[in-house]
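*Asks:* Output the structure for:
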Amino acid sequence: MRIDEARLGELARELVSGPGYAPPQLDPAHHHLGDAASTLAYVVTLDAVNFGSGWFPHLRKRPGCSGYFTLSTALKEHFDARGAWSAEALEALSPSDCAEVFGQDMTVPEVAELMGLFARALGELGAFLGARCGGAFEGLVELASGSAERLGALLGEMPLYRDVSAYDGLEVPFYKRAQITAADLAVAFGGQGHGAFDDLDRLTLFADNLVPHVLRWEGVLAYAPELAGRIDAGELIPHDCPEEVEIRAVAVHAVEGMTEILAAESNGSGGRGPRSVSPRELDNLLWTRGQRPDLKAHPRHRTRTTAY
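*Replies:* Residues are numbered from 1 along each chain as shown. Purely as a prediction, here's the structure:
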C-alpha cells in the first residue's frame, strides 16, 4: 500500500469545496426518525448489525438500494410498524427472525450465515443492555456521559464490537461500528440530547471496504499489483490477513493526512482557504462519493467479517 501525497491534498480540497458538500445526515426514506426513544433505539440497533459487506453480493437487495440501504430500510419499516425491540426480545431473536425482518432468503447458505451473525450481534446487544444499562437504550448514553470515546469503549465490551487486528506483533484498533454509532447518534439528534458528545472530532475514519475503494480509484491509494489483481478478480480477502489490515489502516492514515492538510490551509489563509473538517466528516464525503455508478462499477475488496 502506498499513498500519493500530492493526490491526497487535491482530493481533500475537491471534497470540501465542491457543490456536493453537505454535512452528514440520515435519510428519512431509509432510516427511522421517530421520537427520541425510538430514534435512539433504531440507531444503536442498526449499527449493531452494520456489517456484512463480504456477504452483500448474496443478499436480496431492494430495487436501487445497496446492501446497507436494503438493511437500514427494512429495519426502519420494522420500527415504523412495531417499534423497538426490548432487551429481552433482542436476546431471543433467531436467524430466521432476522431473515424475516430484513427480507432475506435463508435457503442461500451465505445469507443464512449472515443472519446467524445478525442474531448473535443483536443478542449480545440485548444482553449488554440488560446487564449494564438497566435494559434501556437510554442507559447506554447515560453511561457514555457525553463522550464518544466512552461510548465506543462501552460497545467494545461486546465480542462482535471488538474490532482489533494483529499486524506484525502490533494490536491495531479500528472499532468501526463502535465509532460510527456515536457519529450516527450525533447526526440523528443534531448534536443535542442523546447525540451530544464533546469529543466527536477525535473519531477516526470508520474503516470499511468502501472508503479505501474510493481512495484507490481517486488515485490516493496505490495497491501492490498482486493485491489489486486479487480484488479486481473478486477474490475474498481474509479478515485480519496483513493485506486487509493494511488496506484499512492506510485508509485511516490517509484521511488523517487529509484532515491535517485542510486544517493547515484553512488556518494559513485566515479562513479563506478550504474549510477544515474532521475525519468523520471526510468519511461521510468519501462514503457518499462511493455511491457513484462509476466507482461502483469497479470491484472493491470483500472480506467476511463482523467489523464492517
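*Asks:* drop to CA atoms for contacts and neighbour counts, all remaining ones
*Replies:* Fine.
*Asks:* how close does residue 156 get to residue 48?
*Replies:* 11 Å (CA to CA, to the nearest Å).
*Asks:* for residue 275, that is, sorry about that
*Replies:* 32 Å.
*Asks:* neighbour count winner among the two?
*Replies:* Between residue 275 and residue 48, counted using other CA atoms under 10 Å, the more crowded position is residue 48 (23 against 17).
*Asks:* For the protein, just list every one of the strands.
*Replies:* Secondary structure of the chain, counting by DSSP state E: strands at 2-3, 164-167, 170-173, 221-222.
*Asks:* Buried deepest among these, which one?
*Replies:* The highest mean neighbour count among the strands of the chain, using mean count of other CA atoms under 10 Å, belongs to strand 221-222: a mean of 19.
*Asks:* which one of the strands of the chain lies closest to residue 266?
*Replies:* Residue 266 lies closest to strand 2-3 among those, at 22.4 Å (CA to CA).
*Asks:* shared neighbours, residue 156 and residue 48?
*Replies:* Counting by CA atoms under 8 Å, 6 or more residues apart in numbering, no residue touches both residue 156 and residue 48.
*Asks:* shaky segments in the stretch 151-300 of the chain?
*Replies:* 269-273 (pLDDT under 70).
*Asks:* 90 - rerun?
*Replies:* Low-confidence regions of the stretch 151-300 of the chain, defined by pLDDT under 90, span residues 266-276.
*Asks:* Double-check residue 55 against residue 108; I have them as touching.
*Replies:* No - counting by CA atoms under 8 Å, residue 55 does not reach residue 108; the two are 10.8 Å apart.
*Asks:* So these two - more neighbours on which side?
*Replies:* residue 55 (17 against 12).
*Asks:* Can you list the residue ranges for helices in the stretch 101-250 of the chain?
*Replies:* 109-132, 137-144, 148-155, 176-188, 210-217, 225-232, 242-268 (DSSP state H, counting those that start in this stretch).
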